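In: okay, structure incoming, though there's no sequence with it:
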DNA sequence: CTGGATCCAAGCTGATACTG
DNA sequence: CAGTATCAGCTTGGATCCAG
């Protein structure tokens, strides 16, 4: 009944005792961009199988990382899964790992053969809140191929949500996944890509420039630090 | 032959394709505190089994995270495993996850029944280099129960090594694992523990105070941020 | 000291079928 | 829609023994 565990008095070992099994961290990633329904998770996590997904969610609930909630605005008794406070901290804690993966383990060959979502690639922009000055606020809508996600910056913190922005976005940008791949791999910057026309933008030029500064500054301070 | 993979164009998914299997990240953690021999790894990672360890090391080598090297100062042809540049970046990227685990998933009940090493608990002090002003240098030797590790701070960066400091340490501190557990869980600070006599110190009072400020400041800025 | 080989147990995948 | 149940087949992991 009790899961396999490492039995080491070490933060990493304890973290992996809880979220080290296959699929578990990807579920946390999914819920990091807003509450989701069971079938939404099953769709996005292609290959998990309904039985294993149910098991993983149960484990995450038992460990206080995920909470189930009844959607109030939905017609029937639709269940929503959302992160607890500890779960949100976990979702932030894995961002450096995601950035590492984007930088070191993703190459162009993958782009066309893999599943893709805009919110997955926005994730690495949310790398910590301390770098963004708290007077920059904004809603930025990203269209990558046919996928849409919303990046919100407020009070020096960033958050990502699946789908279009709820309110009107300050800036709407459109690009292909190949452009995203180039930026992730640091072969180009968002500023360059906009200048070259690889990214089309709608919105005030000042707001666009602000977004570009955030993203490029973020990427460089993060990845060129080491 | 090729490993199971998630097939998602996402940094986290790609990172987990490479280091998501059981034991892999713990091997990276071990090599984060200095190069190690095969048997050292096998000893520390109790339960892994020699065959699986060999497989994991081979995978990490193939993925450019670990490199093998012949120890020049050793008698025979002893092999040493060490992290590559990408591996060191990975070791840094998983520190927030380790901090999360220490904060949320470790409680007192574990302390006596689990394996323990001083370098494991020093790991969460190394949480990023940007917080330490670059004029603080020092070598701090930690004795926790019978385990010894060395924390070095230089040029605003921290690093952890297994065993006693190579050079003479500025400060030597001695404590039990229970005190470490209390600090990790934020039930006390290192400053308080020293004042109460739960930690004994050797070295100049000014250097001790500097260490205390580093550790306590680091913990609080990291964990009270969210 | 560094692993390879082996055997068995545990975990994962995929499919299908069934319930409130 | 939101799961649970089951089951066969495959892949991984664990433990022990053994070889260069």
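Out: Looks like it arrived, so ask away. This is a predicted model, so every value here is computed, not measured.
In: which SS class is the closest residue to residue A:148 other than its chain neighbours?
Out: Leaving aside its sequence neighbours, residue A:148 sits nearest to residue A:164 (Cβ to Cβ, 6 or more residues apart in numbering or on different chains; 5.2 Å). C-beta coordinates here come from the backbone N, C-alpha and C atoms, glycine included. Under DSSP: H, G, I helix; E, B strand; the rest coil, residue A:164 falls in the coil class.
In: again with residue A:153
Out: Following three-state DSSP, residue A:153 is assigned to strand.
In: check contacts around residue A:145.
Out: The contact partners of residue A:145, by Cβ atoms under 8 Å, 6 or more residues apart in numbering or on different chains, come to A:116, A:176-177.
In: format these as TSV; extra columns: pLDDT.
Out: Formatted as TSV, the contacts of residue A:145 follow (pLDDT from 0 to 100):
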residue	pLDDT
A:116	91
A:176	94
A:177	91
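In: and those, which of them are buried?
Out: Neighbour-count burial within the contacts of residue A:145 applies to A:116, A:177; the criterion is 16 or more other Cβ atoms under 10 Å in any protein chain shown.
In: ok, the contacts of residue A:145 vs DNA strand C, which is closest?
Out: Closest approach to DNA strand C among the contacts of residue A:145 (Cβ to the nearest atom of the strand): residue A:116, at 18.5 Å.
In: can you give me phi and psi for the nearest residue to the closest one once chain neighbours are set aside?
Out: With sequence-adjacent residues excluded and distances taken as Cβ to Cβ, 6+ apart, residue A:116 is closest to residue B:9, at 4.6 Å. Residue B:9 adopts backbone torsions of phi -80, psi 80, taken as degrees, to the nearest 10.
In: residue B:9: how many residues sit nearby?
Out: 24 (other Cβ atoms under 10 Å in any protein chain shown).
In: thought it was touching residue A:114?
Out: Yes: using Cβ atoms under 8 Å, residue B:9 is in contact with residue A:114, at 4.2 Å.
In: tally of neighbours for the residue nearest to residue A:148?
Out: Other residues near residue A:164 number 14, with proximity taken as other Cβ under 10 Å.
In: now do residue A:117
Out: Residue A:117: 21 neighbours (other Cβ under 10 Å).
In: contacting residues around it?
Out: A:44, A:147, A:149, A:162, B:10.
In: the same query, at a cut-off of 10 Å, please.
Out: Contacts for residue A:117 (Cβ atoms under 10 Å, 6 or more residues apart in numbering or on different chains) come out as A:30, A:33, A:44, A:123, A:144-145, A:147-149, A:162, A:177, B:8-10.
In: ok, back up a step: quick one: the residue nearest to residue A:116 and residue B:189, what's the gap?
Out: Distance, residue B:9 to residue B:189, using Cβ to Cβ, to the nearest Å: 43 Å.
In: likewise residue A:172?
Out: To residue B:189, residue A:172 is 47 Å away according to Cβ to Cβ.
In: who's more crowded, these two?
Out: Legend: neighbour count by other Cβ under 10 Å for residue A:172 and residue B:189, higher for residue A:172 (20 against 17).
In: help me confirm that the more buried one is found in a strand?
Out: Yes: using three-state DSSP, the secondary structure at residue A:172 is a strand.
In: which residues pair with it across the strands?
Out: Bridge pairing for residue A:172 (DSSP bridges) gives the partners residue A:141, residue A:202.
In: any low-confidence regions in chain A?
Out: A:1-2, A:71-77, A:108, A:125-135, A:218-226 (pLDDT under 70).
In: all helices of it, in order?
Out: Ranges of helices within chain A are A:11-19, A:24-32, A:38-44, A:50-62, A:85-93, A:95-104, A:118-122, A:177-184, A:190-195, A:205-223, based on DSSP state H.
In: among those, which is nearest residue B:200?
Out: Closest approach to residue B:200 among the helices of chain A is made by helix A:11-19 (24.4 Å; Cβ to Cβ).
In: quick one, what contacts the residue in chain A positioned nearest to DNA strand D?
Out: Closest contact between chain A and DNA strand D, by Cβ to the nearest atom of the strand, is at residue A:54 (2.8 Å). Applying Cβ under 10 Å, 6+ apart to residue A:54 gives the contacts A:38, A:42, A:48.
In: out of the residues you listed, who's near DNA strand C?
Out: residue A:48 (Cβ under 7 Å from any atom of the strand).
In: among the contacts of residue A:54, who's most crowded?
Out: When neighbours are taken as other Cβ under 10 Å, the top entry among the contacts of residue A:54 is residue A:48 (19 neighbours).
In: would you mind measuring from it to residue A:147?
Out: Taking Cβ to Cβ, one finds residue A:48 at 20 Å from residue A:147.
In: tell me, how many residues neighbour the residue lying closest to residue A:106 once chain neighbours are set aside?
Out: Counting by Cβ to Cβ, 6+ apart, residue B:14 is the residue found nearest to residue A:106 once chain neighbours are left out, at 5.0 Å. Residue B:14 is flanked by 26 other residues according to other Cβ under 10 Å.
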